[in-house]
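Peer 1: need a structure here:
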Amino acid sequence: MTPASDPGFDTDVLAAYLQARMPGFRGPLGATKFKGGQSNPTYRIDAASGCYVLRRKPPGKLLASAHAVDREYRVLRALEHGTVPVASPLHLCEDAGVIGSAFYLMSYVPGRVYWDPALPELAPAQRGAIYDAALDSLIALAGLDVAAAGLADYGKPGNYFARQIARWSEQYRASETTTIAAMDRLIAALPAAAPADDGRIALVHGDFRLDNLMWSDEPRLLAVVDWELSTLGHPLADLGYFCMALRLPRNPVLPGLAGMDRAALGIPDEAALLARFAAATGLDPGDAWPFHLAFHFFRLAAIAQGVMQRALQGNASNEQALAAGRMAATIAQMGWEVLDR
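Peer 2: Reported below is the predicted structural model:
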């Protein structure tokens, strides 16, 4: 964690700004950077009026359309009183002159984050409850009426996978630092492998993993966080990403469940997750499942490559950014192996 005395911006300026614009806010304040996350830096704000969370764009040169904190804020406002739990959005500041980049303030959720999807600190029954609740949240997202939530124009409708493949291919090329053969093969093969668009539209979180969920001790899901990659897309997208993440190898940077005995741990296997999601939503990926997994390996590898580029430029938000960036080749190879079968 970054020391509260040196968060990288002037806390007095921030306190004066918020006090002038947020009813009930009172300074002075301290700011402590949360660990984790490779993209938008996130801080706990301890002020005289209470505890808050600030999320900002990283400093430095950024890829076009990346780190859109204004989009995150909009999603939080849309979901605040719905079936998908989120922190309450409090204030959006698009003036980079206040702390050096755009930011927003949200409520502090006093919960815990599980960084390891194996959940070693929990008993088997608790692990099963965590995964059941996570899937319930995915089911709720798949069923969300985006028009009623005010998000009908939050993304382009239709052809989600084709558009995403094009977008992440472009982002990958823009941040490419070395040749990754598996990424070149995925970029060439994924467009033809994508299933035909079926017209279904949902709010897609875009980074739905266990460490982007906050829990009470029961455990109960308190908030889904980190909506930076959210957009309108296909309701199977988050399910594919969630299951892809569980297939990652065991490593300290992006820990997965590869090679672990899920039954002994009390964690449902992939087939059980797919069956319960299909029963609740009517959505079954069927023979297209390898594409869904490969697409998300490709997308995660592109994200990891962007992290690598920011680390080399010196403006990544996490000290493990280089290690995460080096995972791009491994992740891409896993995606190619799934698709090539």
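
Peer 1: What strands line up against the helix or strand hosting D46, and which way round?
Peer 2: Element membership of D46 [criterion: DSSP states H and E] is strand 42-47. Looking at strand 42-47 with DSSP bridges, its partner strands are strand 29-33 (antiparallel), strand 50-56 (antiparallel).

Peer 1: And the last one, what's buried?
Peer 2: What that stands for is strand 50-56. For strand 50-56, burial by neighbour count (16 or more other CB atoms under 10 Å) applies to Y52, V53, L54, R55, R56. From N, CA and C alone the C-beta is placed, and that goes for glycine too.

Peer 1: Now tell me which helix or strand of this structure has the poorest mean pLDDT.
Peer 2: helix 321-325 (a mean of 74; mean pLDDT, DSSP states H and E).

Peer 1: pLDDT averaged over the next helix or strand after that helix - what is it?
Peer 2: Next helix or strand after helix 321-325 toward the C-terminus (DSSP H and E): helix 328-340. Mean pLDDT, helix 328-340: 94.

Peer 1: For helix 328-340, which helices and strands make contact with it?
Peer 2: Under the contact criterion of 3 or more CB pairs under 8 Å, 6 or more residues apart in numbering; DSSP states H and E, helix 328-340 touches helix 181-193, helix 289-313.

Peer 1: what's it in contact with?
Peer 2: 180, 182-183, 185-186, 189-190, 193, 247-249, 254, 290-291, 293-298, 300-302, 304-305, 308 (CB atoms under 8 Å, 6 or more residues apart in numbering).

Peer 1: which regions of the stretch 1-150 of the chain lie under the pLDDT threshold?
Peer 2: Within the stretch 1-150 of the chain, the ranges that satisfy pLDDT under 70 run 1-6, 36-38, 59-67.

Peer 1: Run through the helices of it in chain order.
Peer 2: Ranges of helices in the stretch 1-150 of the chain, per DSSP state H, counting those that start in this stretch, are 11-21, 69-79, 124-142.

Peer 1: With A166 as the reference, name the closest of the ones you listed.
Peer 2: helix 69-79 (19.1 Å; CB to CB).

Peer 1: what helices or strands is that closest one leaning on?
Peer 2: Short answer (3+ CB pairs under 8 Å, 6+ apart): helix 69-79 packs on strand 50-56, strand 89-93, strand 103-107.

Peer 1: Any chance of CSV for the ones you listed, columns distance to L229?
Peer 2: Below are the helices and strands packed on helix 69-79 laid out as CSV (distance: least, CB to CB, whole Å):
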stretch, distance to L229
strand 50-56, 13
strand 89-93, 17
strand 103-107, 16
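
Peer 1: among these, which is nearest L265?
Peer 2: Of all the helices and strands packed on helix 69-79, strand 50-56 comes closest under CB to CB, at 30.8 Å.
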